[in-house]
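Engineer: Show me the folded form of this:
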Amino acid sequence: MQYISPIRFFNHCEIPIEELSQPAILKKRIQAEFALESIGIVTIEDFSYNKQDILTEIEQPNFLQRLDFHEKIWQEPALLQLIEKGRIDFSTFQSLHNVQVTFDFVRFISPYMIIPFDKTMKILLSNGNFKDATTWLSVQKFMEKEDLFDAFQSFTFFCEKSFFQFRNISRDNYLSKLEIIDIWTNKDQNWATFFNTLPEFLIEYREEISHGLTHLIVELQFPNIKKAFAISKMLTTLNVSPTQEELIKKNNEIIKKHYRQENKPAIFSDRSIRFWLFGGFILIRVIYWMVQNNQSTNSYENNRMTFPTTQTHNTIDSILEKAKTKNDSTFNPLKLGKDK
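Structural biologist: Numbering: from 1, shown residues only. This next block holds a predicted model:
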């Protein structure tokens, strides 16, 4: 159901507030306004109003209450844009959280919310934007329970499509399916939180998605353990039945062990250990050789013969000089020639 605010029309016609609360007078003003249009259509800001739609609205038995609801929506630009144009700006989305709702207001606005809610959900899920999709679920407060099933048509289609995709991904063809797989490995777009936030009547889809992802993990664990572990780790946070939860945890332990073996630091790999042991052995031998060589050098230095750097020449004069200093009386120098 398409919503077009009558407040825009009333403002365009400059109808006083007091006349809005008097349907009989208001009806005459509206008929006069449309009488000025040759084709019976008033176009304002690309929105077209016809006389019958406006008259039908003011003839509602609870028109004054509905008028309050129209005013409430008019005062909320994000909400107005959503139900009139089917668009939402997530930068101003927070304002929707501040809109106070009552039972009567929800009953009034719910039919107008079904299509824009479903359309927005379809866009978010097709882009793998589970983060904003989780936020979008809060818009449920504007809808009655009986309208929620129709509002989640795009979601159910997305799940059924995903189940089919999971079953058709294998270790042999997964490289051609990475665009699909990466939607479920992105930890910044926590899909588990999204599924855990779904309304209770959709719980069966949460259970089914866990079965599909379990199959996907099994197929990925050997060709790409990193992606398998990313999915498995997030899957453990999904709220599922006790039996399925136990299976998920057991599988995750196996995947985690496999992942750690494949991704342990290179320094601890068998090949690296052998390299470091060999290198350590060589280093010890080098140090041992240096120590032994140093000890041999010291021993040689200590036992080596030493020689004076200068030698005294033993001439006749030097010998005679030494003899004099010792006062050796028995020593008579040789004399050359005869005694007189």
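Engineer: May I ask which helix or strand of this structure has the lowest mean pLDDT?
Structural biologist: When the helices and strands of the chain are scored by mean pLDDT, DSSP states H and E, helix 316-326 comes last with a mean of 51.
Engineer: Work out the gap between stretch 191-202 and the centre of the chain.
Structural biologist: 19 Å (C-alpha atoms, centre = their mean, to the nearest Å).
Engineer: could you give the mean pLDDT of that stretch?
Structural biologist: Here stretch 191-202 scores 96 as its mean pLDDT.
Engineer: now do stretch 225-241
Structural biologist: 95.
Engineer: Pull out the buried positions in that stretch.
Structural biologist: Within stretch 225-241, the residues scored as buried using 16 or more other C-beta atoms under 10 Å are I225, K227, A228, F229, A230, I231, S232, K233, M234, L235, L238, V240. All C-beta spots, glycine's among them, are computed from the backbone N, C-alpha and C.
Engineer: Next, the contact list for I217, please.
Structural biologist: A228, I231, S232, L235, N251, I255 (C-beta atoms under 8 Å, 6 or more residues apart in numbering).
Engineer: Tabulate those residues (a markdown table), appending distance to Q31.
Structural biologist: Below are the contacts of I217 laid out as a markdown table (distance: C-beta to C-beta, whole Å):
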| residue | distance to Q31 |
| --- | --- |
| A228 | 69 |
| I231 | 64 |
| S232 | 68 |
| L235 | 63 |
| N251 | 71 |
| I255 | 72 |
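Engineer: Just the closest of these to K145, please.
Structural biologist: L235 (29.0 Å; C-beta to C-beta).
Engineer: so which helix or strand takes in D118?
Structural biologist: In this assignment (DSSP states H and E), D118 forms part of helix 103-126.
Engineer: got the CA positions of the next helix or strand after that helix in CSV?
Structural biologist: Later in the chain than helix 103-126, the nearest helix or strand by DSSP H and E is helix 130-136. C-alpha atoms of helix 130-136 as CSV (Å, rounded to 0.1, in the frame of the first residue of the first chain):
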residue,chain,number,x,y,z
PHE,A,130,24.2,-8.1,7.7
LYS,A,131,25.3,-5.3,10.0
ASP,A,132,22.8,-2.8,8.7
ALA,A,133,20.2,-5.6,8.2
THR,A,134,20.4,-6.3,11.9
THR,A,135,19.8,-2.6,12.6
TRP,A,136,16.9,-2.7,10.1
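Engineer: my guess is L198 is in a helix, correct?
Structural biologist: No: looking at L198 with DSSP: H, G, I helix; E, B strand; the rest coil, it is coil, so not inside a helix.
Engineer: Could you list the low-pLDDT ranges of the stretch 151-300 of the chain?
Structural biologist: Counting by pLDDT under 70, the stretch 151-300 of the chain contains low-confidence residues at 265-276, 278, 281, 288-289, 291, 293-300.
Engineer: show me the contacts for the closest residue to F155 other than its chain neighbours.
Structural biologist: The shortest distance from F155 to any non-neighbouring residue, by C-beta to C-beta, 6 or more residues apart in numbering, is to M121 (5.6 Å). Residues near M121 by C-beta under 8 Å, 6+ apart: A133, W136, A151, F152, S154, F155.
Engineer: which residues in the stretch 201-340 of the chain form helices?
Structural biologist: Under the criterion DSSP state H, counting those that start in this stretch, the stretch 201-340 of the chain carries helices at the ranges 203-220, 225-235, 242-262, 270-303, 316-326.
Engineer: Equivalent analysis for the stretch 1-150 of the chain, please.
Structural biologist: Secondary structure of the stretch 1-150 of the chain (DSSP H, counting those that start in this stretch): helices located at 6-12, 17-20, 23-35, 51-58, 63-74, 77-85, 94-97, 103-126, 130-136, 145-151.
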